[in-house]
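> Prediction below, plus the sequence it came from.
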Amino acid sequence: MEKNQLKYAQQHLANERTFLAWIRTVIAIVGVGFLTTSLHFTIGVHRDDRIDLISIVLGMFTCALGLVITVLATIGYLHKKRQINEEKFKPSSAQVILIAVFMVIMLLMIILYFLFIKF
């Protein structure tokens, strides 16, 4: 096992960089949710129960999405590490599609927020 790890050091390092890129993505996604929610309740926009709810749900959704992506990234990292050591490769289409669907939902919530907001 150790011999394969040395043989494929570049692939392992690339796998680690990919994992860290997912973590940076999580930080950005959670930051968008936190920023949207905190700005909504601190700036002087017209308050409406509907827009307040959208803002709160958006903030909670981005935190949940960050948690899901962190778990998927960790599982993906460990799975790729095993594949590198076994000299196999299978792309992770399901993981990419799932995250893309969640991102579309988040973007739709942001669009919905801006449709209902009145300055």
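Arrived safely, thanks for sending.
> pLDDT-wise, which helix or strand of this protein ranks last?
Using mean pLDDT, DSSP states H and E, the weakest-scoring helix or strand in the chain turns out to be helix 2-7, at a mean of 66.
> What distance do you get for the nearest residue to residue 51 once chain neighbours are set aside to residue 10?
Computed as CB to CB, 6 or more residues apart in numbering, the closest residue to residue 51 that is not its neighbour in sequence is residue 116, at 4.7 Å. Every C-beta, even on glycine, is put in place using the N, C-alpha and C of the backbone. As for residue 116, its distance to residue 10 is 49 Å (criterion: CB to CB, to the nearest Å).
> picking that back up, burial measure for the residue nearest to residue 51, as a count.
With neighbours defined by other CB atoms under 10 Å, the count for residue 116 comes to 14.
> cool, residue 35 as well?
Residue 35: 12 neighbours (other CB under 10 Å).
> so how far is residue 113 from it?
In terms of CB to CB, residue 35 sits 12 Å off from residue 113.
> OK, contacts around residue 106?
Shown in contact with residue 106 (CB atoms under 8 Å, 6 or more residues apart in numbering): 29, 32, 33, 58, 61, 62, 65.
> Who are the contact partners of the fifth one?
Just to be clear, that refers to residue 61. Residue 61 sits in contact with 33, 105, 106, 109, where contact means CB under 8 Å, 6+ apart.
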